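Trainee: Build me a structure from this.
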Amino acid sequence: MSIVPKITSRVLSFLYQHWRNQPPMCESVKDWSKTQSPTIAELLYEQRLSSQSVDVPMPTVVGETTHDRLWEKFSRRSRYTLSERYLVSIAEAKLVGEIGAVILPDGAYTIETAWRKEQLMRLPEYYSVLKKWRLKPVKKAGNYFSLLQLYCNGNNYYHWMHDVLSKLFVVIDLLPEDVTYIVPPQLKDWQYEALEMVGIRREQTLVFEPKEQWQLEKLYFAPLVSSNAGHSLSAIEWLRDSAYQRFGIDSQESRTERIFISRSRAVGRTIVNQDEVEALLDRYGFKSYCLEEMSIEQQVSLFSKAEIVIAPHGAGLTNLMFAPSGTKVLEIFEPSAGGVCFWSLCHCLNHPYQCLFGKTVPNPKFAAQPNILVSIETLASALPAFVGEPIPTVSS
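Mentor: Numbers count the residues shown, from 1 in each chain. The predicted model follows:
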């Protein structure tokens with residue numbers, strides 16, 4: 001990791017601790033709205049949850065090798081919290097900065113757009129000492145719903161498909177017909193295709209300009225469905241059903257696809273001995289796919305018929321949301337890989353999950369994402385039990 005973000009984070013944290021008169025923070029827009037007059041904010045919908053915490057059992061590891069650093073991440077993420085679904089209308093709220101941080105009419109910054117207080121503290125837009133946030137607000141008339149969120153403003157497939165789209169769960173049907181959806185700049189075509197999947201047309205969107213400060217006549221605010229790396233079964237089922245309906249997919253179709261996700265076109269976390277891995281998997285009927293070459297519709301259609309998925313850690317595993325319950329998953333890790341979200345996603349969706357730790361191979365193209373060497377011996381010994389078939393014979 002570069003030292004620059006670390007230094008920046010420390011400087012901003014120092015400013016937070018020592019600079020006087022910093023703006024207040026709002027932990028819950030729902031609770032705040034209950035203290036306001038209807039002309040300022042109104043709670044339009046609230047869905048209480050019977051249980052907010054979810055515990056995830058530690059994963060089954062293929063082979064004998066484990067790695068303390070990655071195992072610690074599994075342990076830290078073994079519990080997550082689901083958020084209440086609610087919708088609040090806010091008059092004259094403001095959006096600022098790269099993540100579109102929401103500033104309430106009383107000047108408080110919403111923590112919910114940055115996941116946690118500590119993460120909001122690290123964002124430049126929070127600090128009023130920075131002159132760029134003293135810009136005169138650009139007033140926007142009309143009704144708006146913001147799809148801006150920390151981690152969701154780039155082109156990351158997981159954060160867009162999971163975090164952004166699931167934010168619309170329940171509340172999309174409660175929004176006025178003339179609502180405009182605020183989106184990050186430089187969206188890819190596949191991101192607009194994903195929005196259309198849940199019923200949002202491109203002409204209903206408006207691209208946010210991070211260099212400006214927007215003051216919205218009326219903002220409709222809803223939180224994300226869960227904390228980072230958490231998953232709501234109801235939200236994912238809604239997203240899957242929306243995709244199936246949009247693309248005309250029969251949920252009762254037979255599950256025959258054995259999928260290997262190739263990262264051969266990625267800049268990092270590629271399997272250096274992929275030819276050997278594919279040759280082994282081919283004996284069990286697996287097909288290799290480069291998902292970057294496929295449309296959203298093609299990916300949803302493929303995973304709707306999945307029986308087994310094997311893949312190195314990467315955003316392509318997001319498509320497990322569209323796989324039928326019970327799809328077997330084997331995720332291959334490079335030991336320093338950052339995320340363990342697909343393990344908890346599989347638990348949420350009742351996908352039997354196992355993981356395999358490969359060996360680190362330095363990546364000259366992108367040092368932050370080393371490549372992976374998979375032990376063919378370990379994989380070969382694990383496949384019969386994992387797939388549920390004996391070792392295929394090789395014809396002479």
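Trainee: Tell me how far residue 63 lies from residue 357.
Mentor: The spacing between residue 63 and residue 357, counted by Cβ to Cβ, to the nearest Å, is 7 Å. Just so you know, the C-beta spots here come from the backbone N, C-alpha and C atoms, and that holds for glycine as well.
Trainee: Neighbour count: the two, which is higher?
Mentor: Taking other Cβ atoms under 10 Å, residue 63 and residue 357 do not tie; residue 357 has more neighbours (23 against 16).
Trainee: so what's the more buried one bridging to?
Mentor: Residue 357 has these beta-bridge partners by DSSP bridges: residue 333.
Trainee: most residues in a single strand of the protein, which one?
Mentor: Ordering each strand of the chain by length in residues (DSSP state E) puts strand 85-96 first.
Trainee: which secondary structure elements does that strand contact?
Mentor: Applying 3 or more Cβ pairs under 8 Å, 6 or more residues apart in numbering; DSSP states H and E, one finds that strand 85-96 contacts helix 29-33, strand 41-47, strand 101-103, strand 214-221.
Trainee: Which residues does the next helix or strand after the third one contact?
Mentor: Right, strand 101-103. The first helix or strand that comes after strand 101-103 along the chain, using DSSP states H and E, is strand 109-110. Contacts of strand 109-110 with the rest of the structure, by Cβ atoms under 8 Å, 6 or more residues apart in numbering, involve 23-26, 29, 101-104, 120, 126, 221.
Trainee: which residues of the stretch 101-250 of the chain fall in strands?
Mentor: Secondary structure of the stretch 101-250 of the chain, counting by DSSP state E, counting those that start in this stretch: strands at 101-103, 109-110, 138-146, 180-183, 205-207, 214-221.
Trainee: if I read this right, residue 362 contacts residue 370, doesn't it?
Mentor: Yes. Between residue 362 and residue 370 there is a contact at 5.9 Å, judged by Cβ atoms under 8 Å.
Trainee: Let me see the ranges of the helices in the stretch 51-200 of the chain.
Mentor: Along the stretch 51-200 of the chain, the stretches classed as helices by DSSP state H, counting those that start in this stretch are 68-76, 117-121, 157-158, 165-166, 189-197.
Trainee: if we can go back for a sec, the longest strand of the chain versus strand 138-146: what angle between them?
Mentor: Strand 85-96 runs at 150 degrees relative to strand 138-146, counting by axes from the mean of the first three to the mean of the last three Cα atoms, to 10 degrees.
Trainee: Strand 85-96 pairs with which strands, and in what direction?
Mentor: In its sheet, and by DSSP bridges, strand 85-96 pairs with strand 41-47 (antiparallel), strand 101-103 (antiparallel), strand 214-221 (antiparallel).
Trainee: just how off-centre is it within its chain?
Mentor: Chain-centre distance of strand 85-96: 22 Å, with Cα atoms, centre = their mean, to the nearest Å.
Trainee: What of stretch 201-216?
Mentor: With Cα atoms, centre = their mean as the basis, the mean position of stretch 201-216 lies at 21 Å from the chain mean.
Trainee: in it, what's buried?
Mentor: 204-205, 208, 210, 213-216 (16 or more other Cβ atoms under 10 Å).
Trainee: Reformat the residues you listed as JSON lines; add distance to residue 281.
Mentor: Listed next are those as JSON lines, based on distance: Cβ to Cβ, whole Å:
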{"residue": "204", "distance to residue 281": "42"}
{"residue": "205", "distance to residue 281": "40"}
{"residue": "208", "distance to residue 281": "43"}
{"residue": "210", "distance to residue 281": "43"}
{"residue": "213", "distance to residue 281": "52"}
{"residue": "214", "distance to residue 281": "50"}
{"residue": "215", "distance to residue 281": "55"}
{"residue": "216", "distance to residue 281": "51"}
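Trainee: how about a markdown table for the residues you listed, with pLDDT and distance to residue 112 added?
Mentor: Putting the buried residues of stretch 201-216 into a markdown table (pLDDT from 0 to 100; distance: Cβ to Cβ, whole Å) gives the following:
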| residue | pLDDT | distance to residue 112 |
| --- | --- | --- |
| 204 | 98 | 23 |
| 205 | 98 | 21 |
| 208 | 96 | 17 |
| 210 | 88 | 19 |
| 213 | 91 | 19 |
| 214 | 95 | 18 |
| 215 | 96 | 19 |
| 216 | 98 | 16 |
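Trainee: Pull the most distant pair out of the residues you listed.
Mentor: The distance between the two most remote of those (Cβ to Cβ) is 22.8 Å, for 204 and 213.
Trainee: any idea how the chain splits into domains?
Mentor: The chain breaks down by automatic domain parsing into domains covering 3-54+85-225, 257-388.
Trainee: Quick one: closest of those to residue 77.
Mentor: Proximity to residue 77 (Cβ to Cβ) singles out domain 257-388 among those, at 5.3 Å.
Trainee: quick one: average pLDDT of that closest one?
Mentor: Domain 257-388 shows a mean pLDDT of 95.
Trainee: Tell me the span between the first and last residue of it.
Mentor: End-to-end span of domain 257-388 (Cα to Cα, to the nearest Å): 15 Å.
Trainee: got it, and stretch 176-186?
Mentor: 26 Å.
Trainee: Could you pull out the buried residues of it?
Mentor: So, applying 16+ other Cβ under 10 Å, buried residues of stretch 176-186: 179-184.
Trainee: Kindly report the same for stretch 145-156.
Mentor: Result for stretch 145-156 [16+ other Cβ under 10 Å]: buried residues 145-153.
Trainee: Among those residues, list the two that are farthest apart in space.
Mentor: 145 and 151 (18.4 Å).
Trainee: how close does residue 251 get to residue 225?
Mentor: Taking Cβ to Cβ, one finds residue 251 at 22 Å from residue 225.
Trainee: more neighbours, these two?
Mentor: Set side by side, residue 251 and residue 225 show more neighbours around residue 225, with 24 against 10, by other Cβ under 10 Å.
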